[in-house]
Each structure stands twice: as C-alpha cells, then as structure tokens.
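Colleague: next comes the sequence, and after it the predicted model I'd like to discuss.
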Amino acid sequence: MRKKTTIYVDSALLREVRARAARTGREDADILEDALRQYLATPQAATSRQELRELLDELAARTHADDQEALDVAYAELEAARRARRRR
C-alpha cells in the first residue's frame, strides 16, 4: 500500500526521474521507489542508520530528552552535516 508524502528533490534529478519514467512507461513514483529501495539496501545506508542510532543513544544518555526530542536533535545534526558536506 502506498502512502502520499511530500519531498524536495533537486530539479535536475526530478527531470531525470521523469525522463526514465517516460522511457520505461512507468510512473515517477515507481522510479523513486526503486531508487530508494536500492539505496536502502546499500552498506552506506546501513552505516548511516547505525550512525543515527548511535547519535540517538548518545543524546539519550546525556540528556533527559524523550525519544522525539532526541530524534529532532539528531535530524538537525544530520542536516547540518549534509550542508557542510555540500559546501566542500
């Protein structure tokens, strides 16, 4: 069962997704789902998930934050790291 969501995607990447969908006679969502499934199966994704778990555990040990507060901080840290990586 599919759930609707909103994401922000680089415009050039979205053009590539739409072009591939058109070439293959599939929907944009099918192409995005395939790409996401492939990425999530990679060691890189597993490492990212492990790093997030470790960060959440560290935050929980240092603070009295509940799970949602710790998750909010972790996502903020993740976004900061991504921004820093893009600037390199």
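Modeller: Structure received. Because the structure is predicted, anything quoted here is derived from the model rather than measured. Numbering: from 1, shown residues only.
Colleague: residues of the helix-or-strand element of the chain with minimal mean pLDDT that come out buried?
Modeller: Here the helix or strand of the chain ranked lowest by mean pLDDT, DSSP states H and E is helix 43-62, holding a mean of 78. Neighbour-count burial for helix 43-62 flags 55-56, 59 (criterion: 16 or more other Cβ atoms under 10 Å). Where you see a C-beta, it was placed from the backbone N, CA and C, and this is true even at glycine.
Colleague: wait, Arg2 sits on Leu32?
Modeller: No - the pair Arg2 / Leu32 is not scored as a contact, 11.0 Å apart, by Cβ atoms under 8 Å.
Colleague: pick out whichever of those two has more residues nearby.
Modeller: Each of Arg2 and Leu32 has its neighbours counted (other Cβ atoms under 10 Å); Leu32 has more, 16 against 6.
Colleague: how far away is Ala81 from Glu16?
Modeller: Relative to Glu16, Ala81 is positioned 25 Å away (Cβ to Cβ, to the nearest Å).
Colleague: how many neighbours does Leu36 have?
Modeller: Applying other Cβ under 10 Å, we find 11 residues neighbouring Leu36.
Colleague: list of residues touching the helix or strand containing it?
Modeller: Element membership for Leu36, per DSSP states H and E: helix 28-40. Contacts with helix 28-40, where a contact means Cβ atoms under 8 Å, 6 or more residues apart in numbering, come from 2, 17-18, 20-21, 24, 45.
Colleague: let's see it at 7 Å
Modeller: Helix 28-40 is contacted by residues 17-18, 20-21, 45 when judged by Cβ atoms under 7 Å, 6 or more residues apart in numbering.
Colleague: pLDDT weak spots in the chain?
Modeller: Low-confidence segments of the chain (pLDDT under 70): 65.
Colleague: quick one, domains of it?
Modeller: Listed by automatic domain parsing, the domain ranges of the chain are 11-40, 43-87.
Colleague: coming back round to it: which two among the contacts of helix 28-40 are spaced furthest apart?
Modeller: Distance extremes for those: the farthest pair is Arg18 and Ala45 at 24.1 Å, using Cβ to Cβ.
Colleague: appreciated, that's everything.
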